[in-house]
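Peer 1: show me the folded form of this:
(2 chains)
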Amino acid sequence: EAGVAQSPRYKIIEKRQSVAFWCNPISGHATLYWYQQILGQGPKLLIQFQNNGVVDDSQLPKDRFSAERLKGVDSTLKIQPAKLEDSAVYLCASSFPYLRGGGELFFGEGSRLTVL
Amino acid sequence: DAKTTQPNSMESNEEEPVHLPCNHSTISGTDYIHWYRQLPSQGPEYVIHGLTSNVNNRMASLAIAEDRKSSTLILHRATLRDAAVYYCILRDLNTGNQFYFGTGTSLTVIP
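Peer 2: Okay, here's the model as predicted:
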């Protein structure tokens, strides 16, 4: 079974530029998550989708970050304009619709962003 | 949202058992306890989860205190491949939302 696919794996940009990350979840997984992981820290949830609807975006910096999941499958996370502190690994995860207590999350390998 | 507290780092000798503690004193009756681990340069992966009773699977065992204010992830025989950051996370029983990671415990396995 194919895992969660993310691209690009690496991206280097200048501050104030824009960048977009793409995620293709595991087939059949209705729930999709984007996390930001700064070096030395645990992953921070940015946004959670259920199909193409947003469940939780309370920690998404909406002035510069946006995400969409058209058609309830692939998702794109955009940063515009980027700041130095956005340098991090952006992780995408997916899962089946939440089952009482369970619902294992499957993570992609991440997209590493460096902002200069 | 409920929080968890874990030691920043731990060491274990190879082939010995490892007990990774997690405190969650503000856990609510509707929170499941989940454990994930993150190997270097990889995304996190699921390890185990439980509600009240101890749980076992092929990777590990989860021991949950009777008052549920703490839990322990047990690796029965540590291998070098178990060197990772281990995260203890509380997940709401009803919604499953707000799946928030903490800082985790970095486990070093000594050959």
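Peer 1: spell out which parts of chain B neighbour chain A.
Peer 2: When proximity is defined by C-beta under 8 Å from any C-beta of the partner chain, chain B lies next to chain A at B:32, B:36, B:41-46, B:49, B:51, B:85, B:87, B:91, B:93-104. All C-beta atoms are positioned from the backbone trio N, CA, C, and that covers glycine.
Peer 1: just the buried ones from those?
Peer 2: Neighbour counting with 16 or more other C-beta atoms under 10 Å in any protein chain shown marks B:32, B:36, B:43-44, B:46, B:49, B:85, B:87, B:91, B:96-102, B:104 as buried within the residues of chain B next to chain A.
Peer 1: can you tell me the closest non-neighbouring residue to B:I33?
Peer 2: B:S71 (5.1 Å; C-beta to C-beta, 6 or more residues apart in numbering or on different chains).
Peer 1: count of neighbours near B:I64?
Peer 2: Using other C-beta atoms under 10 Å in any protein chain shown, B:I64 has 20 neighbouring residues.
Peer 1: which residues does it contact?
Peer 2: Going by C-beta atoms under 8 Å, 6 or more residues apart in numbering or on different chains, B:I64 touches B:I33, B:G50, B:L51, B:T52, B:S53, B:N54, B:V55, B:S71.
Peer 1: and what of A:L113?
Peer 2: Contacts for A:L113 (C-beta under 8 Å, 6+ apart) come out as A:K11, A:I12, A:I13, A:V19, A:F21, A:I79, A:A82, A:D86, A:S87, A:A88, A:V89, A:Y90.
Peer 1: do you know how far it is from chain B?
Peer 2: Here A:L113 is placed at a distance of 15 Å from chain B (C-beta to the nearest C-beta, to the nearest Å).
Peer 1: specify the beta-bridge partners of that residue.
Peer 2: Taking DSSP bridges as the rule, A:L113 bridges to A:K11, A:A88.
Peer 1: can you give me the strands for chain B?
Peer 2: Using DSSP state E, the strands of chain B run over B:9-13, B:18-23, B:31-38, B:45-50, B:55-56, B:61-64, B:70-75, B:84-92, B:105-110.
Peer 1: just checking, what packs against the second one?
Peer 2: Under the contact definition 3 or more C-beta pairs under 8 Å, 6 or more residues apart in numbering or on different chains; DSSP states H and E, strand B:18-23 sits against strand B:9-13, strand B:70-75, strand B:84-92, strand B:105-110.
Peer 1: among those strands, show me which one is buried the most.
Peer 2: strand B:84-92 (a mean of 23; mean count of other C-beta atoms under 10 Å in any protein chain shown).
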